[in-house]
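Q: from the sequence below, what's the structure:
(chains A and B)
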Protein chains: 2
Amino acid sequence: MRRLSTQDQNFKQVFADLLAFATVNDPELLSTVDQIISDVRQYGDAHVLKLTQQFDRHPAHQFSELELSQAELKAAFEGLNTEVRQALELAAKRIRSFHEAQKQTGWTYVDDLGNTLGQKVTPLDRVGIYVPGGLASYPSSVLMNALPAHVAGVTEIIMVVPAPNGELNPLVLAAAYLAGVHRVFTIGGAQAVAALAYGTETVPSVDKITGPGNRFVAAAKRAVFGQCGIDMIAGPSEILVYAEGDNDPKWIAMDLLSQAEHDTVAQAIFITPDEDFLNAVAEAIEAHLTVLPKAEIAKTSIQNRGALVLVKDRTEAIDLINQVAPEHLQLCVDDAQAMSEQIRHAGAIFMGRYTPEAIGDYCAGPNHVLPTSGTARFSSPLGVYDFQKRSSLIMCSQEGVKPLAQAADILALEENLEAHARSARYRYQV
Amino acid sequence: MRRLSTQDQNFKQVFADLLAFATVNDPELLSTVDQIISDVRQYGDAHVLKLTQQFDRHPAHQFSELELSQAELKAAFEGLNTEVRQALELAAKRIRSFHEAQKQTGWTYVDDLGNTLGQKVTPLDRVGIYVPGGLASYPSSVLMNALPAHVAGVTEIIMVVPAPNGELNPLVLAAAYLAGVHRVFTIGGAQAVAALAYGTETVPSVDKITGPGNRFVAAAKRAVFGQCGIDMIAGPSEILVYAEGDNDPKWIAMDLLSQAEHDTVAQAIFITPDEDFLNAVAEAIEAHLTVLPKAEIAKTSIQNRGALVLVKDRTEAIDLINQVAPEHLQLCVDDAQAMSEQIRHAGAIFMGRYTPEAIGDYCAGPNHVLPTSGTARFSSPLGVYDFQKRSSLIMCSQEGVKPLAQAADILALEENLEAHARSARYRYQV
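A: Down below sits the predicted model:
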């Protein structure tokens, strides 16, 4: 595994290169996706069915076979064994409860002139959540996308999940049942995104699409942005762990590998000022790799994108962390809360030795859909606020409007907008 | 001006067609913009200077001439006449005060297991605001973009504004001074967006770009999304006014024209259940058009995209309003606040007869950067929240983590993520 030290002569450049991850901008991909979107807009259900048969080898003969009933979702939930059902219920309960705390409400106030100003908060009417099928079919993602929408008060939650060869993970359906998803279509790819954005005879058009997907899904989401909202374009998963020794190196090593096992381009970075501890973690990683079923994926990830970074002190570490703006940050130190106050950019901060990132993926409560590739510099975890929006409220009184209308009149004339000026003038020259 | 009635046989289709507005997706435009971005990334200042000389006919010989000093901004402010300065100060004071109310703060709580969960809120480090130059150079837009960033606590606000032939509107510079903008570059177009997103030798890279612009700017913002954040892709301005008679038709007509004068593709829609009043407003529009300097623009807008819509009753009107999701909504009725509660989608709601949309453009307090083209279904006015982001906080106690780690272990195994399971398991099998 790559070892770096901030004392290396070329450290800055090497570290910057390590973080660089170009998102796919393949013109051929974009044109394929544009064609799919345009065909779905034109031919609706028929084209979505055709592509689903073609790409997913789905055995359906008509579009109606691509919708699941609530009874099927319920049956999947009731078919779970007790241990799994209870774990899923605990996760749902905790996710719901954390997200309740995020819910925003409107406000108004009366200014010194007697005018009322405020902000109204309303939920989106209808949203679509994209759940990947096949290998990366995660029931936890169903909960993490659907529950915030539910808490926000979204009227209708439509889920799409591809079913390769017509096969589905029952736990994904059980999670949809538990999270109160209203309709489920077993479609995926750019065709599912297009159907959700523009609607077809059967699939209703939604106001926003959230959830992860492959590069076709990501490209399609970017292309329909504006027609509906989207959450974000997610990159590969990342973790950054900071420790100062006084930790079990096996724990830290496994925490790093829990991201590395996701994807060959996932990124695990360990930062410490303690060289002996750095060596111990490196050894523990090697040892763990001999027992993990996904060792090959993890190894590639670690080799290509991972790093063990030796720093002089905590101050240097904090600067690096703020430069990375990591999706997941573990601060495995005694005074993690104090240290977290100096972190300006991170998707989620896991504090102390008893808070492994993995519990955040499932059941800690906060969302596991987080900004990747440094986008925590300007964006937030998926949340209830993604399913709510605001309207400004303005109500002037007959007297209170006068000074405002007069100022608007003056400024509108400076901008050469005569109708604006006159519209304002009517209200103070009464 | 087009007249519609919900009783018309083909009303639904005609009304839907009226609202349809395809955003430009011209492949030639996109490839021009991609080339500009790639050249700015490669050649930096030199290329931005070259394009600024070429497109804006700017007389600068070196890049340093494209940056304005704080002294120049201050001089512009001090050169204002008293009336204009006071109007601008009133606007800034009210915008700042409304946006203070939007500022979000973090929170934490301790769950029933003794684990601490929360949400940290931090400002963006550095943002770029795009201010159009030339004809549509609006000082009000400087205030509306810079003040929310300032209130959020953004460390550095970089403004770009093109100066065709080297000329600038002094009021734009005065507004930048008043709003606390840190640096101003007189550059514009896709080259300015590229410089802000990727940085050059002189222009620092920013975390988010906000503000309106022409189609090159819009296409460039979309292209750099992901490298940095963007606010939204704005479409033409719109207003929807609802009244039930008992209003001065001249006022309503001028309010409609205040949007129509912006742009030939701006949209002004009037809805009423009172046919006589509808006729009176139509006549007043014709009369006003004879006196407005921008009558030609307004006329084209009204003819091509405007409509006077007769409804049966208020219930029908509310359904239409929610379908339109207008950028600006005026409810010119006695019980506007009660009516507003039934509005699910609108950028800003102006209530009563003494609240013309024009005061919202300048000095009511709420932002004038609002979601257009029906995007109020899923997005919000520009606000302080656009310049803040959140990080999730999780800190488990040694005992409190146990039930969570156990559930994560079970669910991770269901998702075939062994390292996740083991990372969690270490914490409950202590």
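Q: C-alpha only now, for contacts and for neighbours.
A: Fine.
Q: need the contact list for the closest residue to residue A:200 other than its chain neighbours.
A: Sequence neighbours aside, residue A:44 is the residue nearest to residue A:200 in space, at 4.7 Å (criterion: C-alpha to C-alpha, 6 or more residues apart in numbering or on different chains). Neighbouring residues of residue A:44 by C-alpha atoms under 8 Å, 6 or more residues apart in numbering or on different chains: A:195, A:199-201.
Q: going through those residues, which ones are buried?
A: Buried by 16 or more other C-alpha atoms under 10 Å in any protein chain shown: A:195, A:199-200, out of the contacts of residue A:44.
Q: coming back round to it: let's have the contacts of residue A:44 in CSV, adding secondary structure.
A: Shown next, in CSV, are the contacts of residue A:44 (DSSP: H, G, I helix; E, B strand; the rest coil):
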residue, secondary structure
A:195, helix
A:199, coil
A:200, coil
A:201, coil
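Q: now those in JSON lines, with distance to residue B:113 and pLDDT?
A: Output for the contacts of residue A:44, formatted as JSON lines (distance: C-alpha to C-alpha, whole Å; pLDDT from 0 to 100):
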{"residue": "A:195", "distance to residue B:113": "43", "pLDDT": "98"}
{"residue": "A:199", "distance to residue B:113": "44", "pLDDT": "97"}
{"residue": "A:200", "distance to residue B:113": "47", "pLDDT": "98"}
{"residue": "A:201", "distance to residue B:113": "48", "pLDDT": "98"}
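Q: relative to residue A:61, which of these is nearest.
A: Residue A:61 lies nearest to residue A:201 out of those, by C-alpha to C-alpha, at 16.2 Å.
Q: show me the contacts for the closest one.
A: Per C-alpha under 8 Å, 6+ apart, neighbours of residue A:201: A:44-45.
Q: then residue A:61?
A: Taking C-alpha under 8 Å, 6+ apart as the definition, residue A:61 has no contacts.
Q: repeat that for residue A:222.
A: By C-alpha under 8 Å, 6+ apart, the neighbours of residue A:222 are A:230, A:233.
Q: please redo it, this time with the cut-off set to 10 Å
A: By C-alpha atoms under 10 Å, 6 or more residues apart in numbering or on different chains, residue A:222 lies in contact with A:30, A:216, A:229-233, B:222-223, B:225.
Q: just those residues: which are in strands?
A: A:229-230 (DSSP state E).
Q: any idea how far apart the tips of stretch A:348-368 sit?
A: Stretch A:348-368 stretches 8 Å from its first residue to its last (C-alpha to C-alpha, to the nearest Å).
Q: export stretch A:391-399 as CSV, just CAs?
A: C-alpha atoms of stretch A:391-399 as CSV (Å, rounded to 0.1, in the frame of the first residue of the first chain):
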residue,chain,number,x,y,z
SER,A,391,-41.4,29.7,-1.3
SER,A,392,-40.9,33.3,-0.2
LEU,A,393,-43.8,35.1,1.3
ILE,A,394,-44.3,38.9,1.0
MET,A,395,-47.4,40.9,2.1
CYS,A,396,-47.1,44.6,2.4
SER,A,397,-49.6,46.9,4.1
GLN,A,398,-51.0,49.9,2.4
GLU,A,399,-48.7,52.2,4.4
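Q: so for it, mean pLDDT?
A: Averaged over stretch A:391-399, pLDDT sits at 98.
Q: give me the distance from stretch A:320-334 to the chain's centre.
A: Mean C-alpha position of stretch A:320-334 versus that of the full chain (C-alpha atoms, centre = their mean, to the nearest Å) differs by 18 Å.
Q: no wait, stretch A:258-278
A: In terms of C-alpha atoms, centre = their mean, the centre of stretch A:258-278 is found 22 Å from the chain centre.
Q: what do you get for stretch A:53-62?
A: In terms of C-alpha atoms, centre = their mean, the centre of stretch A:53-62 is found 29 Å from the chain centre.
Q: let's verify residue A:239: helix, strand, or coil?
A: Residue A:239 - assigned by three-state DSSP - is strand.
Q: same question for the one 3 residues further on.
A: Here residue A:242 is recorded as strand under three-state DSSP.
Q: for residue A:314, see how far away it is.
A: Per C-alpha to C-alpha, residue A:242 is found 9 Å from residue A:314.
Q: which residue is nearest the middle of chain A?
A: Closest to where the C-alpha atoms of chain A average out (C-alpha atoms, centre = their mean) is residue A:369, at 3.1 Å.
Q: give the contact list for residue A:252.
A: Residues counted as contacts of residue A:252 (C-alpha under 10 Å, 6+ apart) are A:241-243, A:258, A:270, A:280-282, A:284-285, A:330, A:332, A:353, A:356, B:423.
Q: can you tell me which of those are buried?
A: A:241-243, A:258, A:270, A:280-282, A:284-285, A:330, A:332, A:353, A:356, B:423.
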